[in-house]
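Asker: what follows is a predicted structure for the sequence shown.
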Number of protein chains: 2
Amino acid sequence: MKISIITIGDEILIGQIVDTNSAWIAQRLNEIGLELNKIYSISDTESAILRTLNRAEELSDIVIITGGLGPTNDDITKKTLAKYFDDKLVTNQEVLHHIKELFKKFGVGEINKLNEHQADLPSSCKVLFNKFGTASGMWFEKEDKHFISLPGVPHEMKNLMSSYVLPELQTRFSVGAFVHKTILTQGVPESILAVTIATWENELPKSIKLAYLPSENRVRLRLSARGIDKELLNEQIKEQITKLKTIIPNLIFGEEKDKLEQRVGAALKKINATIATAESCTGGYIAHLITRVPGSSAYYRGSVLAYDDSIKESLLGVKIDSLDTFGAVSKQVTEEMALGIQRIMKVDYAIATSGIAGPTGGSEEKPVGTVWTAIATPNGVQSVKYKMGTERLWNIRRSASTVLLDLLHILEYNDNKVQ
Amino acid sequence: MKISIITIGDEILIGQIVDTNSAWIAQRLNEIGLELNKIYSISDTESAILRTLNRAEELSDIVIITGGLGPTNDDITKKTLAKYFDDKLVTNQEVLHHIKELFKKFGVGEINKLNEHQADLPSSCKVLFNKFGTASGMWFEKEDKHFISLPGVPHEMKNLMSSYVLPELQTRFSVGAFVHKTILTQGVPESILAVTIATWENELPKSIKLAYLPSENRVRLRLSARGIDKELLNEQIKEQITKLKTIIPNLIFGEEKDKLEQRVGAALKKINATIATAESCTGGYIAHLITRVPGSSAYYRGSVLAYDDSIKESLLGVKIDSLDTFGAVSKQVTEEMALGIQRIMKVDYAIATSGIAGPTGGSEEKPVGTVWTAIATPNGVQSVKYKMGTERLWNIRRSASTVLLDLLHILEYNDNKVQ
């Protein structure tokens, strides 16, 4: 069953609005096991509409059309559809009554001609009653092809889709189910991830499709399966994810729309622990990630951002000796920062970072991108040296997310041990 | 000149991402006087790509293609383009070198085959060098038709468009001159800004078009002029901006791509002053904004993030009396925080924030969104109470940018007085 969307309206083609309707429709179709094959976005001109209807009819079984149903002169979808189907407009009394009632609700007693004409609809279509607006939906059938025209206003479109179009499509056309699951990874770029999980990927059952969706230092892995039995598909995907977790346990930080800092917060709450941070190169970004989570004040006590070295000594109790001997970007200083903030803020866990974010400040021994992270726990302190990149903002973000992921693994490991 | 966009990728057709690239491209084309006629969104399959290329070639003069250029197996745009143009892939040594350097930057020494193949490009296209990624852009010419293939990752696509494609299209295809100037404002919503500058807007010469581009608590005002004489247009726009600056001096924080934190940094550097921050509700976000500017260590010394009230007392020297009498979210405590961090970190200027970011923690007297900001200067301290909104992240961001703008005005005012 091939499905196309045609969105009609200049506002998309001049970039004034982003087409969010199509993504919504696509998701809903997927949920009932139908796949969208193509989206056309075209202008409000008769020739473009007629040409695209023709083309979509050639290539699709179902065509969903959004937009161009308003009362003003620039909206021509309805009369163009009538022309395409060689039909004429007739007044639908029920719709006219509804339009009048709708305007009464908003305090308008008399409606004008433009609004009255909203009740004139092609005689051959099934009218889809729009309780939120004046633009009716229309469902045309032509041989085995279906054309469904909907208003572009998102909540009106969504209501017609949910209350009528989707149930009807499901009853008439959908076979089977379509299941998606997204796994969130962090730490290595797409290409290295792909090599690391190549054997697993190659051994995936044919029914499961894998997509890589990279962004910053993360890659989302989307597994999609199509079939008859939704539960079976879920089971199959779950099995593959379990396998995947044994291959890259340290790279996975969540599923679907999880956020790393939320998972860290949840892990801390679960064991009733508190945390503080002592940042240098990350410049407050770790604190920002932690505190943007609602309710973080339950476990987060605060931070000392020691951008200047003297602050590391005066506020965090880092030894002058350590600073002099090893420099600020060192295992010793970073661990002392973590232990210092843990002591000062009286917390169970503490994170510290010290590094060279760039673009300047690097040396041969410690080039830009050198970052030490330390995590103090109730049982001691551990630190790692990372080699990030040369881009300042990338280094800040990657350092922050790296140490948070390390912390999450520590918290989850400890938690596992407890149980 | 007819222009189409083809976006390639299943992620749009399953509704996982919304196509924001096309709106951005449409806006940029408009700015150079070119119009987009159609957008096709299609799946990563050879047949769909070939068929749509064919169709777009029939109907357009310029076809802009985004997506499907990644290194993994699901990305097939490049080889399909090679097939469409009956071309073969050859290794571009310059691109290969760039890819290797790019991975070095991000701490990866050896690149694998998948990444190496990113340097294999169709022999007949002009290669558009992508400095932010491994996927090159490609420009094919076939008789009078142009096909421009770009990566789907937004910042990579935007960079190639801005640095190469748009200037080239403008030179070759657009008629006349187009001048744009963007003024950055912050502090009032679009609707209030519009009323405030209504007279000015109504008196703009016919040749100048004004667009409001709102985002978060900022509104960009874009003035565009179209005509023959570029210098004259620039002159006209400059004159209007000078007028505008006298109407809303306190709302403007920059032009074009200025960042507020950069302007604050430059102002501090100019007077050779240092700064520190004491944050509560903003949770490190102000520190992050300041420190993401390269070279900020020249003027920024650090921060105490006193999320827990006891830290305000122990590390910032806020009086217990003030906390008990007025509460943490108060003029007294916020001013004491600013003066405390100014003293402890021995800086010329200091910023402090204390507020209720939400979603919980509000009271009738101090509802969610109540935020006090204080700025300590060499001459004393001043504070302001703001009423932000109910969304946590919005409150954090808006508080941070509001106090930075207040600081900028103080720095610029002082600077003006000195001179």
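Answerer: The structure has been received and is ready for your questions. The structure displayed is predicted, hence computed values, not measured ones.
Asker: tell me which parts of the stretch 201-350 of chain A are close to chain B?
Answerer: Contact residues, the stretch 201-350 of chain A versus chain B (C-beta under 8 Å from any C-beta of the partner chain): A:210-215, A:222, A:224, A:277, A:279, A:283-288, A:290-292, A:294-297, A:300-308, A:311, A:314-315, A:344-345. Every C-beta, even on glycine, is put in place using the N, C-alpha and C of the backbone.
Asker: so of those residues, which ones are in helices?
Answerer: A:285-288, A:290-291, A:311, A:314, A:344 (DSSP state H).
Asker: what's the closest of those to B:Glu391?
Answerer: Checking those against B:Glu391 with C-beta to C-beta, the nearest one is A:Thr291 at 14.4 Å.
Asker: and the closest residue to the closest one other than its chain neighbours, what does it touch?
Answerer: With C-beta to C-beta, 6 or more residues apart in numbering or on different chains as the criterion, A:Thr291 has its nearest non-adjacent residue at 2.9 Å, and that residue is B:Gly283. The contact partners of B:Gly283, by C-beta atoms under 8 Å, 6 or more residues apart in numbering or on different chains, come to A:287-288, A:290-292, A:296, B:305, B:307, B:357, B:396.
Asker: make JSON lines out of the ones in helices among the residues of the stretch 201-350 of chain A next to chain B and add distance to B:Ala198.
Answerer: Below are these laid out as JSON lines (distance: C-beta to C-beta, whole Å):
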{"residue": "A:Tyr285", "distance to B:Ala198": "40"}
{"residue": "A:Ile286", "distance to B:Ala198": "45"}
{"residue": "A:Ala287", "distance to B:Ala198": "42"}
{"residue": "A:His288", "distance to B:Ala198": "38"}
{"residue": "A:Ile290", "distance to B:Ala198": "44"}
{"residue": "A:Thr291", "distance to B:Ala198": "39"}
{"residue": "A:Ile311", "distance to B:Ala198": "49"}
{"residue": "A:Ser314", "distance to B:Ala198": "54"}
{"residue": "A:Ile344", "distance to B:Ala198": "54"}
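Asker: of all the residues you listed, which comes closest to B:Ala82?
Answerer: Using C-beta to C-beta, A:Tyr285 is the member of those that lies nearest B:Ala82, at 42.2 Å.
Asker: for the closest one, give me its contacts.
Answerer: Contacts of A:Tyr285 by C-beta under 8 Å, 6+ apart are A:279, A:396-397, A:400, B:284, B:288, B:291-292.
Asker: which one (most neighbours) among those?
Answerer: Among these, A:Glu279 has the most neighbours (other C-beta atoms under 10 Å in any protein chain shown), with 33 neighbours.
Asker: ends of stretch A:142-152, how far apart?
Answerer: End-to-end span of stretch A:142-152 (C-alpha to C-alpha, to the nearest Å): 23 Å.
Asker: gap between it and the chain center?
Answerer: 30 Å (C-alpha atoms, centre = their mean, to the nearest Å).
Asker: okay, and for the stretch 151-300 of chain A, where does confidence drop off?
Answerer: A:175 (pLDDT under 70).
Asker: same check, this time on the stretch 1-150 of chain A
Answerer: Applying pLDDT under 70 to the stretch 1-150 of chain A picks out residues A:106-108.
Asker: which parts of it sit against chain B?
Answerer: So the stretch 1-150 of chain A meets chain B at A:12-20, A:22-28, A:30, A:35-43, A:48, A:52, A:55, A:59 (C-beta under 8 Å from any C-beta).
Asker: just the buried residues from the residues you listed, in PyMOL please.
Answerer: Only the buried entries of the residues of the stretch 1-150 of chain A next to chain B go into this PyMOL selection, using 16 or more other C-beta atoms under 10 Å in any protein chain shown:
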select buried, chain A and resi 12+13+14+15+18+19+22+23+24+25+26+28+30+35+36+37+38+39+40+41+42+43+48+52+55+59
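Asker: just the ones of the residues of the stretch 1-150 of chain A next to chain B in helices?
Answerer: Those of the residues of the stretch 1-150 of chain A next to chain B mapping onto helices are A:12-13, A:22-28, A:30, A:48, A:52, A:55, A:59, per DSSP H.
Asker: what's the most distant pair in the residues you listed?
Answerer: Within these, two members stand farthest from each other by C-beta to C-beta: A:Asn30 and A:Ala48, at 27.9 Å.
Asker: and chain A, what are its domain boundaries?
Answerer: Domain ranges of chain A: A:3-173, A:177-255, A:260-418, per automatic domain parsing.
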